[in-house]
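J.: okay, sequence plus prediction incoming.
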Amino acid sequence: MSDTALDERKTGQPADVPADAGPGLAPQPRRGRWLVGLIALVVAGGVAAAWYVGRLSSHPSAGPVGNAAAPATWTVTRQDLSEQTSVTAALGYAGSYTVRGEGTGTLTWLPSQGRVIRQGQVLYKTDNGSPVVLLYGSVPAWRTLDEGVTGADVTQLNRDLVRLGDASGSQISSLGWDYFSWETEAGVEKLQSALGISSPSGSLSLGSVVFEPTAIRVSDVLGSLGSPASGPVLAATSDQHVVTINLSTAQQSDVKPGDKVTVTLPDGATTPGQITSVGTVASGSASSATIPVNVALVHPSAAGTLDQAPVTVAITTASAGNAVVVPIGALLAQPSGGYAVEVTGAGAYRRLVPVTVGIFDDTAGLVQVTGALTRGQRVVVPAT
């Protein structure tokens with residue numbers, strides 16, 4: 001028998017309890033050692049549980065998820081999708097004109113900057129209030145127009161008179177569009193009366209009319225009151241807004257006339273536009289060469305009176321019709337490469353479906369996908 005066992009038999013107590021502990025003192029268990037062991041077990045179990053939960057949240061696996069809260073989902077749809085890129089641009093007015101006076105009088109009235117002048121309206125006045133009128137045409141005034149003359153300048157005069165309601169189109173046509181006829185003379189008299197001329201002559205002296213291709217907006221007043229009514233009098237543009245993009249030549253193949261765009265104005269409002277022209281001659285260095293691209297606003301009034309204002313243009317660079325789409329946030333990058341989406345099923349069942357991504361619509365937050373995914377299924381998206 002060991003010494004320890006012998007001691008226990010002599011004292012009737014465990015060997016690690018003093019023999020003189022005294023009557024009524026019960027033997028004490030080894031609590032510290034058991035408590036440490038229990039804590040270690042609980043901590044180890046908690047770490048394992050946390051690792052398991054984290055693993056599920058990072059890489060969802062197929063199958064039911066027990067009593068977990070229902071995830072946020074989105075219904076898979078089919079729709080037209082477009083991919084856009086945004087570029088900076090300038091909003092101003094199209095065209096640039098210098099209105100030149102050809103008369104011999106003195107400037108006595110001039111329009112203010114920003115004024116829009118249209119067909120049949122007064123550009124400026126000379127001497128004792130004699131009006132100089134704007135008519136539409138590409139041939140500049142170069143002579144006095146009166147009965148009997150013919151030419152392209154007469155043709156555009158006749159067309160102006162018909163559009164203004166001062167002459168009959170059928171009468172002009174029968175007499176000849178390029179001929180200054182009695183019908184032309186009668187139309188000029190009506191125009192002069194409307195302009196306030198007390199004794200209309202029916203003819204147009206050189207300097208009494210200016211031909212420009214369209215209505216003009218005065219961008220600068222070049223002449224001054226009291227100066228001769230000859231030479232540059234006004235600087236002008238058309239009254240139509242245009243958005244001008246200096247587009248990188250690397251993006252030239254992405255655009256063509258007729259393409260629809262979205263223009264964001266300085267106040268944040270958006271308005272639709274359409275590309276009207278794409279330049280073919282590049283400017284700038286080889287590394288930063290650009291081409292001019294012009295955009296017309298579908299609703300010109302949306303721009304108000306803005307001139308040389310910075311805007312942003314969203315250009316559609318790719319599109320897909322009737323595409324299967326999901327939110328971009330539904331995409332899950334896979335360790336082996338590529339993407340998948342998590343599809344929910346009956347009850348709490350979920351599974352991963354591999355997908356191939358197509359075009360991205362960053363504005364709508366959607367992406368085109370192909371794979372074993374159909375319209376009406378629900379995919380998990382980040383909770384908002």
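T.: Structure received. Computed from a predicted model, the values in this text were never measured in an experiment.

J.: measure residue 98 to residue 363 for me?
T.: Distance, residue 98 to residue 363, by C-beta to C-beta, to the nearest Å: 42 Å. All C-beta atoms are positioned from the backbone trio N, CA, C, and that covers glycine.

J.: over to residue 246?
T.: From residue 246 across to residue 363, the span is 23 Å (C-beta to C-beta).

J.: just want to know which of those two has more residues nearby.
T.: Neighbours were tallied for residue 246 and for residue 363 using other C-beta atoms under 10 Å; the higher tally belongs to residue 246 (17 against 13).

J.: tell me the contacts of the nearest residue in space to that one that is not next to it in sequence?
T.: Among residues not flanking residue 246 along the chain, residue 290 sits closest, at 4.2 Å (C-beta to C-beta, 6 or more residues apart in numbering). Residue 290 is in contact with 246-249, 282-284, counting by C-beta atoms under 8 Å, 6 or more residues apart in numbering.

J.: just the buried positions in stretch 205-225, please.
T.: Neighbour-count burial for stretch 205-225, counted by 16 or more other C-beta atoms under 10 Å, picks out 205, 207-212, 215-219, 221-223.

J.: what about the stretch 51-200 of the chain, any weak spots by pLDDT?
T.: Where the stretch 51-200 of the chain drops to pLDDT under 70, the residues are 51-68.

J.: which residues of the stretch 101-250 of the chain fall in helices?
T.: Applying DSSP state H, counting those that start in this stretch to the stretch 101-250 of the chain gives helices spanning 152-163, 169-175, 182-194.

J.: and of these, who's closest to residue 309?
T.: helix 152-163 (32.2 Å; C-beta to C-beta).

J.: how far away from the center of its chain is that closest one?
T.: Helix 152-163 sits 41 Å away from the centroid of its parent chain (C-alpha atoms, centre = their mean, to the nearest Å).

J.: which SSE is residue 281 in?
T.: Element membership for residue 281 (DSSP states H and E) is empty, with no helix or strand holding it.

J.: mind checking how far it is from residue 252?
T.: Look at residue 281 and residue 252: by C-beta to C-beta, they are 11 Å apart.

J.: then residue 333?
T.: On the measure of C-beta to C-beta, residue 333 and residue 252 end up 33 Å apart.

J.: quick one: which of the two has more around it?
T.: Using other C-beta under 10 Å as the criterion, residue 333 and residue 252 rank with residue 252 on top: 17 against 9.

J.: hang on, isn't the more buried one packed against residue 292?
T.: No: using C-beta atoms under 8 Å, residue 252 makes no contact with residue 292, being 11.0 Å away.
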